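>>> Structure for the following, please:
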Amino acid sequence: MPASATESRVPPMQELAPGVYAIIGENAEAAPENHGAVGNQGVLIGDDGVILIDTGTSARYAAEQLDALKRLTPKPVVLAINTHQSPAFVFGNGTLALQGVPILAHRDVADLIRQRCERCLKKLNEVLGAQEMAGTTVTVPDRLIEGAMVITVAGRQLDIVYFGHTSSPGSIGIIDRASGVLFAGGLVSIGRIPDVKDARIDNWLDALDKLKARKPRLLVPGEGPVSAPSQVDDLAGYLRALQSSVIGVYKGGAGLGEAAKLSRLPQFERWPLYDPLHNKNVEQLYLQLEREALQ
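Model (predicted):
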């Protein structure tokens with residue numbers, strides 16, 4: 001599927017260090033006008049190959065991305081990594097797999113892709129259209145890991161950071177040692193409301209502290225702009241405020257129907273996705289508290 005001569009689905013690559021690039025998606029919900037390109041990706045060019053961090057929203061997106069990489073370097077993609085299961089990050093897997101590229105992920109992420117992504121693909125077809133999603137398949141990663149480790153790929157040494165069940169099961173980050181750039185995947189979003197449906201917030205907050213302690217030079221979040229590591233404090237501030245508000249509402253005896261209204265966070269209302277996501281986050285945490293009370 002050749003790239004369009006007039007319009008690219010793939011945002012421009014930002015060079016962060018020699019051989020290190022970030023592709024920054026739109027800080028919005030997936031929609032036809034942005035082709036579903038709402039997640040960030042990383043590109044690492046090594047001695048004899050390229051490592052791709054996350055694979056995008058569709059087969060067409062991944063094909064255009066490979067075309068863009070060929071204009072950047074003649075070196076082949078030798079590894080793709082799924083940092084987490086979110087649809088904007090994994091639906092290019094099939095295109096990479098057809099070219100024989102191994103796809104690495106935590107075992108829990110592979111399980112989630114297997115369990116959920118047929119439904120996710122159906123929804124993306126409804127949102128973006130069948131033409132946009134043509135050729136896209138659910139492709140489960142084939143190189144599975146269980147936790148944190150150090151790997152060397154194409155001469156680049158990478159720290160895979162993992163802190164257990166945090167923003168979601170199996171979420172990992174990638175630190176390129178040579179440049180000090182952290183590709184944080186689902187562990188970090190910057191300047192937007194995160195989706196907490198799979199989160200364990202206390203573990204997530206602890207992970208954010210540990211990421212800062214690694215002192216990366218730059219941080220590429222899963223969503224939002226390339227940032228200084230200190231900006232994870234804004235995400236932590238939202239998570240703490242959300243948790244505190246919902247716990248207060250729940251302990252105060254308010255029902256689920258009242259929880260969203262009583263848990264407004266005006267200080268975050270200007271963040272993208274506040275309207276579609278914040279109320280859902282409140283409901284998720286409220287229901288989690290109910291389940292914990294029954295155990």
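>>> got a list of what D108 touches?
Counting by C-beta atoms under 8 Å, 6 or more residues apart in numbering, D108 touches 165, 169-170. Just so you know, the C-beta spots here come from the backbone N, C-alpha and C atoms, and that holds for glycine as well.
>>> do that again at 7 Å, thanks
Listed by C-beta atoms under 7 Å, 6 or more residues apart in numbering, the contact set of D108 reads 169-170.
>>> Local confidence estimate at it?
On pLDDT, D108 comes in at 98.
>>> Equivalent analysis for R114, please.
Looking at R114, its pLDDT is 98.
>>> E15 versus that one, what's the distance?
35 Å (C-beta to C-beta, to the nearest Å).
>>> same check, this time on S263
41 Å.
>>> These two: which is more packed in?
S263 (24 against 11; other C-beta atoms under 10 Å).
>>> The more buried one and T83, how far apart?
Where T83 is concerned, S263 sits at a distance of 29 Å (C-beta to C-beta).
>>> What of R177?
On the measure of C-beta to C-beta, R177 and T83 end up 17 Å apart.
>>> Contact partners for A110?
The contact partners of A110, by C-beta under 7 Å, 6+ apart, come to 140-141, 144.
>>> Just the buried ones from these?
Those of the contacts of A110 that meet the buried threshold are 140-141, 144, by 16 or more other C-beta atoms under 10 Å.
>>> The helix or strand hosting E283 - what's its average pLDDT?
Here E283 sits within helix 279-294, counting by DSSP states H and E. In this model, helix 279-294 carries a mean pLDDT of 94.
>>> same thing with stretch 191-208?
The average of the pLDDT scores along stretch 191-208 is 97.
>>> Tell me the confidence at S8?
Model confidence at S8, given as pLDDT, is 84.
>>> Give me the neighbour count for it.
There are 16 residues near S8, going by other C-beta under 10 Å.
>>> My understanding was that it contacts E64; is that so?
Yes - using C-beta atoms under 7 Å, S8 is in contact with E64, at 5.9 Å.
>>> Could I get the contacting residues of D206?
Going by C-beta under 7 Å, 6+ apart, D206 touches F163.
>>> and the gap between it and F183?
For D206, the distance to F183 - C-beta to C-beta - is 20 Å.
>>> Distance check, A30 against V226.
Taking C-beta to C-beta as the measure, A30 falls 21 Å from V226.
>>> These two: who's more crowded?
Legend: neighbour count by other C-beta under 10 Å for A30 and V226, higher for A30 (21 against 16).
>>> dump the residue contacts of that one.
Contacts of A30 by C-beta under 7 Å, 6+ apart are 36, 38, 57, 88, 124, 127-128.
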